[in-house]
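Undergrad: this one's structure only:
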């Protein structure tokens, strides 16, 4: 009788362990699926908004109450501000290309680290076209809400860009 109970007990423990592991995996999979879905939205924003200059995409990819946290007080709040920023960049750098170095997500946040390259062929921020090839780095943090971008914080190496354009002395 003792020998029969031991294998049954062992089978019960194994079954319970498999059940617990399976439940844990499904929760992890849901979180991973949400992170991947958020990264797809941000990747689409990068490709269409930045690289293809489709500034109308903000209405589709951003919540109606979207908030940007840019320090430039000339930009209006919300989606209009991000649209104007994109238009201003493209006016000065029509060939701008953002190359994503890292795209990470955690919960409702997606973090993008990018290298942007462009040629300064139009006026940018009051600086006449120089014809110079330039590059700068960007780090953006997006907060996602129901599959859309709800908030955006950005750190862009504008000092390095202004040095490359000759607007600020290099030394």
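TA: Noted; the coordinates are in hand. Quick caveat, the model's predicted, so the values are computed rather than measured. Numbers count the residues shown, from 1 in each chain.
Undergrad: what about residue 60, how many neighbours?
TA: Residue 60: 12 surrounding residues under other Cβ atoms under 10 Å. From N, CA and C alone the C-beta is placed, and that goes for glycine too.
Undergrad: what's the offset of the helix or strand encompassing it from the middle of its chain?
TA: Element membership for residue 60 (DSSP states H and E) is helix 58-61. Offset of helix 58-61 from its chain centre (Cα atoms, centre = their mean, to the nearest Å): 14 Å.
Undergrad: need the next SSE after that helix, C-terminal direction.
TA: Per DSSP H and E, helix 58-61 leads on to strand 62-68 as the next helix or strand towards the C-terminus.
Undergrad: follow-up on the earlier one: buried stuff in the helix holding residue 60?
TA: By 16 or more other Cβ atoms under 10 Å, the buried positions in helix 58-61 come out as 58, 61.
Undergrad: what is the mean pLDDT for that helix?
TA: Helix 58-61 carries an average pLDDT of 97.
Undergrad: which helices and strands does that helix pack with?
TA: Taking 3 or more Cβ pairs under 8 Å, 6 or more residues apart in numbering; DSSP states H and E as contact, the helices and strands that helix 58-61 lies on are helix 2-45, helix 78-92.
Undergrad: give me the angle between the last one and strand 62-68.
TA: Okay, so that is helix 78-92. Counting by axes from the mean of the first three to the mean of the last three Cα atoms, to 10 degrees, helix 78-92 lies at 70 degrees to strand 62-68.
Undergrad: got the buried residues for helix 78-92?
TA: By neighbour count with 16+ other Cβ under 10 Å, helix 78-92 contains the buried residues 78-79, 81-83, 85-86, 88-90, 92.
Undergrad: which strands or helices does that helix pack on?
TA: helix 58-61, strand 62-68.
Undergrad: okay, those in CSV with distance to residue 40 next?
TA: Shown next, in CSV, are the helices and strands packed on helix 78-92 (distance: least, Cβ to Cβ, whole Å):
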stretch, distance to residue 40
helix 58-61, 10
strand 62-68, 15
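Undergrad: before we move on, back to that, worst mean pLDDT among the helices and strands packed on helix 58-61?
TA: helix 2-45 (a mean of 69).
Undergrad: for stretch 37-55, measure first residue to last.
TA: 21 Å (Cα to Cα, to the nearest Å).
Undergrad: may I see the buried residues of it?
TA: 38-39, 41-42, 45-46, 48-50, 53, 55.
Undergrad: can you list contacts of that stretch?
TA: 57-58, 61, 82-83, 86-87, 90, 94, 96-98, 100, 103, 105, 108, 110, 112, 114, 116, 142, 144, 147-149 (Cβ atoms under 8 Å, 6 or more residues apart in numbering).
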